[in-house]
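Trainee: Pasting the sequence and the predicted model now:
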Amino acid sequence: MVLEMKTFGNQVKNYYELTKPKIWYLLVFTAIGAAVSASWLFDVQVSWMTWALLFFAIAAGSAAADTLTGYNDRDIDAIMERTKGRPIPSGRISPRNALIFGLILAGISLVCSWFINIWAFGLMAFGLFDNIIVYSKWLKRTSQSNIIWGGFSGGAPALIGYIAITFQHVEIGIAMAGLVFFWIPTHIWSLALHVKEDYKKANVPMLPVVSSESKSVRIIALTTLMMVVFSILPFFFNQFGLIYLLTATVFGIVMIFLSVWLLLKPSEKTSWLVFKFSSPYLAALFIAFMVDAFFH
Ligand code: HEM
Ligand SMILES: CC(C)=CCC/C(C)=C/CC/C(C)=C/COP(=O)(O)OP(=O)(O)O
C-alpha cells in the first residue's frame with residue numbers, strides 16, 4: 001500500500017513537471033497582474049468565481065500549451081542536454097498519456113475561459129493554437145522567426161486577465177500583452193545563445209544558431225531597447241503614474257546594460273545572465289502595474 005502511494009506521488013510529480021511550472025507561474029502572474037490592475041484602476045468589484053475561473057483558465061491553458069509542445073518536441077527534447085531529462089524523453093510519462101493530459105488541460109482552459117466571456121474564450125483558443133500549432137508544430141523547426149509568430153500567444157494571458165475584468169481603456173490590456181510580446185525575443189534568444197550547440201544538434205533554427213554571434217548579440221540589444229521603449233508606453237495612457245514609470249525605467253536600464261555588456265563582450269555567462277534576469281524584469285513591471293493602480 002505504501003509503495004502504491006509512493007508511485008502515485010511520483011506520477012503526480014512527473015505530470016506536474018510535464019507542465020513546465022516555472023513557465024506557467026509567470027504566465028499566470030501576468031494575467032493576475034493585469035486583472036488586479038484593471039480592477040483597482042477602475043474600481044471594478046470582482047467575484048471570487050471570476051478570480052477562480054481566471055486562475056484555472058490561464059494555469060490550465062499555459063500548462064496545456066507547455067505539455068502539448070513537450071509532446072510535439074519529444075524527439076528533439078531527447079537530443080538536447082537541457083531537455084533530455086524531461087518526463088517524456090526520460091520515459092517517465094508515455095507520449096500518449098502526455099497527449100491526453102495536455103488535451104484535457106486545454107479543454108479545462110477553454111471551458112473556464114468560456115464562463116469568463118466570449119473574448120477570453122477566443123483569446124485562449126488563439127493562444128493555444130499559436131503556441132502549439134503555429135510555433136511548436138509549424139515554425140520552431142523551420143524558421144528563425146519562430147518565436148516572433150509564436151510570441152503572440154505569450155501576450156494572451158495578460159490580455160485575457162485584463163478583459164476578464166473590464167473593457168474600459170482596453171488599450172492598457174493590449175499594451176500589457178505587447179510588453180510580453182516584445183519581451184520574448186530577449187528572453188529566448190539570450191538563452192538560445194547560451195545553449196547554441198544544443199539547438200544546433202537538434203536542428204532547431206533559433207536565430208543565434210543560424211546567425212553569427214556578433215549579429216545575434218546586436219539583434220538582442222536592439223530587441224531589448226525596443227522592449228524598454230515599449231514598456232514606457234503605458235505611462236502615457238494617463239492611468240499609471242511615477243511608480244510604474246520609475247520601475248520600468250530602472251529595470252529597463254538594467255536590461256539595456258546587460259544586453260550592451262553582451263554586445264561588447266559576448267559570452268555564455270553574460271547571455272545566461274540576460275536570460276535569468278529577463279523573468280524578474282517582467283515580473284517587476286507587472287508588480288509595478290498593480291502597485292501603481294492601488295495608489296491610483
Ligand atoms: C514563443 C515564446 C517562448 C519561448 C520559445 C520560450 C522558451 C523558453 C525556454 C526554452 C525556456 C527554458 C526552459 C528550460 O530549459 O527549462 C524558457 C524558460 C522560461 N520561460 Fe519562456 N519562452 C517563451 C515565452 C515565455 C512567456 C510568454 C513567458 C511568461 C510570460 C515565459 C516564461 C518563462 C520562465 C519564467 C522561464 C524560466 C526562466 C528561468 O529559469 O529563470 N516564457 N522559456
Ligand atoms: C493562454 C495561453 C494558451 C498561453 C500560451 C502561452 C505560452 C504557454 C507561452 C510559453 C511558451 C513557451 C515557454 C514555449 C516553450 O518553448 P519551447 O517548447 O521551444 O521550449 P523548450 O525548448 O524548453 O521545450
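Mentor: Structure's in. What do you need? Numbering: from 1, shown residues only. Ligands and ions are numbered 1, 2, ... in the order given.
Trainee: Only C-alpha atoms from now on, for both contacts and neighbour counts.
Mentor: Fine.
Trainee: Please enumerate the strands of the chain.
Mentor: For the chain, applying DSSP state E gives no strands.
Trainee: ok, now which ones touch whichever residue of the stretch 151-296 of the chain sits closest to ligand 1?
Mentor: Proximity to ligand 1, evaluated over the stretch 151-296 of the chain using C-alpha to the nearest ligand atom, is greatest for G154 at 3.5 Å. G154 is in contact with 27, 127, 131, 177, 180-181, 184, counting by C-alpha atoms under 8 Å, 6 or more residues apart in numbering.
Trainee: Give me the buried entries from those residues.
Mentor: 27, 127, 131, 177, 180-181, 184 (16 or more other C-alpha atoms under 10 Å).
Trainee: near ligand 1 too, which of these?
Mentor: Within the set of these, contact with ligand 1 (C-alpha under 6 Å from any ligand atom) is found for 27, 184.
Trainee: Among the buried ones among the contacts of G154, find me the one that's closest to F294.
Mentor: A177 (20.2 Å; C-alpha to C-alpha).
Trainee: returning to what we had before: now do the residue of the stretch 151-296 of the chain closest to ligand 1, the pLDDT please.
Mentor: We have a pLDDT of 97 for G154.
Trainee: ditto for V28
Mentor: Reading off the model, V28 has pLDDT 98.
Trainee: a markdown table for the contacts of G154, including distance to ligand 2?
Mentor: Shown next, in a markdown table, are the contacts of G154 (distance: C-alpha to the nearest ligand atom, whole Å):
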| residue | distance to ligand 2 |
| --- | --- |
| L27 | 7 |
| G127 | 4 |
| N131 | 6 |
| A177 | 11 |
| V180 | 10 |
| F181 | 10 |
| I184 | 9 |
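Trainee: If I follow the layout properly, G150 ends up in contact with N131?
Mentor: Yes. If you go by C-alpha atoms under 8 Å, G150 and N131 touch, sitting 5.4 Å apart.
Trainee: Helices of the stretch 101-250 of the chain, residue ranges please.
Mentor: Per DSSP state H, counting those that start in this stretch, the stretch 101-250 of the chain carries helices over the ranges 118-129, 146-149, 151-163, 170-194, 196-201, 207-210, 213-232, 242-264.
Trainee: now the first one against helix 151-163, angle please.
Mentor: Meaning helix 118-129. Interaxial angle of helix 118-129 relative to helix 151-163 (axes from the mean of the first three to the mean of the last three C-alpha atoms, to 10 degrees): 160 degrees.
Trainee: Quick check: residues of the stretch 1-150 of the chain near ligand 2?
Mentor: Contacts of the stretch 1-150 of the chain with ligand 2, taken as C-alpha under 6 Å from any ligand atom, map to 23, 58, 61-62, 65-66, 69-70, 124, 127-128, 131.
Trainee: For stretch 9-24, list every residue counted as buried.
Mentor: 14-15, 18-20, 24.
Trainee: What lies in contact with that stretch?
Mentor: 59, 62-64, 66-67, 70, 86-88, 92-93, 98.
Trainee: what about 6 Å?
Mentor: 62-63, 66-67 (C-alpha atoms under 6 Å, 6 or more residues apart in numbering).
Trainee: before we move on, what about stretch 194-211?
Mentor: Counting by C-alpha under 6 Å, 6+ apart, 76, 80, 141, 144, 193, 216, 268, 271-272 sit against stretch 194-211.
Trainee: so what pLDDT did M1 get?
Mentor: Reading off the model, M1 has pLDDT 73.
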